[in-house]
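**Q** Would you be able to build a 3D model of this:
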Amino acid sequence: MAEDQAAYGPGAGLGPSGLPDEDLSHLLSRQRFGALATRGGNGHPHLSTVVYAWDPAQRVVRVATADGRPKVRQLHKDPRAALYVASDDFWSYAVAEGLAELSPVSVEPGDEVGRELLAMRSGGYADPGAEAAFLGQVVADKRLVIRLRVSRLYGTSLPAPSAG
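**A** Just a heads-up that it's a prediction; the model follows:
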């Protein structure tokens with residue numbers, strides 16, 4: 001590990017390179033977990049590990065969460081947010097910034113918010129009973145969707161160290 005760190009220190013000649021939008025979008029599509037940054041009441045950043053879904057056509061990140069969570073309270077006050085996502089090997093990352101909007105809380109199994117949350121699940125449910133249970137749990141948990149409308153997408157990639 002120290003060898004890897006030395007290879008990327010000052011004067012090593014290797015540095016980060018910016019990624020084009022297409023590569024950043026691909027990275028967001030491949031991952032499911034990221035860190036959502038919101039702004040706390042004291043002005044400091046608040047980070048939450050979240051499960052998300054990326055819609056590249058609409059440039060929207062969707063995050064499922066429960067009403068009352070700090071990120072929800074903070075986004076009601078200040079909708080600016082960013083999602084940080086790293087590649088599996090951590091040599092690349094993407095940041096999606098924008099304004100967040102909050103859906104209503106799901107109040108009835110199968111309502112519009114519940115269906116949006118269901119659509120975020122890759123593969124969905126083959127069993128109608130499992131789907132109904134999911135939609136009921138969404139209501140019980142007071143779930144909603146954070147929709148981050150991405151206005152800025154950026155990130156970099158470091159060259160991976162040679163295996164030698």
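**Q** elements contacting the longest helix anywhere in the chain?
**A** Of all the elements of type helix in the chain, the one with the most residues (DSSP state H) is helix 128-140. Packed against helix 128-140 by the contact rule (3 or more Cβ pairs under 8 Å, 6 or more residues apart in numbering; DSSP states H and E) you find helix 112-120. In this view, the C-beta of every residue, glycine as well, is placed from N, C-alpha and C.
**Q** Quick check: buried residues in the helix it packs on?
**A** Val113, Gly114, Glu116, Leu117, Met120 (16 or more other Cβ atoms under 10 Å).
**Q** and the residue nearest to the third one when sequence neighbours are not counted, what are its bridge partners?
**A** Okay, so that is Glu116. Nearest non-adjacent residue to Glu116, counting by Cβ to Cβ, 6 or more residues apart in numbering: Val145, 5.3 Å away. Under DSSP bridges, the beta-bridge partners of Val145 are Ala64.
**Q** residues contacting Val145?
**A** Residues counted as contacts of Val145 (Cβ atoms under 8 Å, 6 or more residues apart in numbering) are Arg62, Val63, Ala64, Thr65, Leu102, Ser103, Val113, Glu116, Leu117, Met120.
**Q** For the last one, give me its contacts.
**A** Think Met120. Ala53, Arg62, Ala64, Val145 are the contacts of Met120 under Cβ under 8 Å, 6+ apart.
**Q** follow-up on the earlier one: which two of the contacts of Val145 have the greatest separation?
**A** Leu102 and Met120 (15.0 Å; Cβ to Cβ).
**Q** what's the burial count for Gly34?
**A** Per other Cβ atoms under 10 Å, the neighbour tally for Gly34 reads 25.
**Q** Tell me the helix or strand right after the strand or helix carrying it.
**A** According to DSSP states H and E, Gly34 maps onto strand 33-39. Remark: after strand 33-39, the chain's next helix or strand is strand 45-55, criterion DSSP H and E.
**Q** Which other helices and strands does that following strand contact?
**A** Judged by 3+ Cβ pairs under 8 Å, 6+ apart, strand 45-55 is in contact with helix 21-30, strand 33-39, strand 60-66, helix 70-77.
**Q** neighbouring contacts of that strand?
**A** With Cβ under 8 Å, 6+ apart, strand 45-55 has contacts from 25, 28-29, 32-40, 60-65, 69-71, 74, 83, 96, 119-120, 122.
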